[in-house]
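Participant: just to be clear, the model below is a prediction. Sequence and coordinates:
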Amino acid sequence: MAANVGGIDRTLRIVAGIAVLALFFVLEGNARYWALVGLVPLFTGIFSFCPLNAVLGLNLSDEAGLTTRRQPSDADTQRASASAPMAPGWRATSWPRLNTISVGMLRIP
């Protein structure tokens, strides 16, 4: 089992798991057993492995390199400077790429 959960995702899973498990002591009757679902995010956060992430091919661990920003290449700089004139003092690399979608730590080109 290679780690596929890390960083803020891991922390949020542990906190959410504990919060849902706390409902076990608040709810009454058979509804309280639904709070045991909180074991799933708690264990995936503790062990840094989520089977659903593995099936979907997602790797959100710190080793995957998704927590660092990509450095702009020379091609990005040339493409940005050729597309529109820039005001003095502005650099073409100071703007984010508009053809990518950033969702949390996941970048989709």
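Facilitator: Now that the structure is in, tell me what you want to look at. Numbering: from 1, shown residues only.

Participant: domain assignment for this structure?
Facilitator: Taking automatic domain parsing as the criterion, the chain consists of the domains 1-68, 70-81+89-109.

Participant: low-confidence bits of this protein, can you list those?
Facilitator: Along the chain, segments meeting pLDDT under 70 span 64-109.

Participant: longest helix of it?
Facilitator: What stands out as the longest helix in the chain, according to DSSP state H, is helix 8-22.

Participant: what's the burial count for the closest residue in space to residue 36 that isn't next to it in sequence?
Facilitator: Nearest residue to residue 36, sequence neighbours excluded (C-beta to C-beta, 6 or more residues apart in numbering): residue 24, at 6.8 Å. For every residue, glycine as well, the C-beta is placed using N, CA and C. By other C-beta atoms under 10 Å, the residues close to residue 24 number 14.

Participant: residue 24 reaches residue 32, doesn't it?
Facilitator: Yes. Using C-beta atoms under 8 Å, residue 24 is in contact with residue 32, at 5.3 Å.

Participant: quick one: what helix or strand has the residue nearest to residue 13 when sequence neighbours are not counted in it?
Facilitator: Excluding the flanking residues, the one nearest residue 13 by C-beta to C-beta, 6+ apart is residue 45, at 3.3 Å. Assessed by DSSP states H and E, residue 45 sits inside helix 39-47.

Participant: now that helix: buried residues?
Facilitator: For helix 39-47, the neighbour count (16 or more other C-beta atoms under 10 Å) marks 40, 41, 42, 44, 45 as buried.
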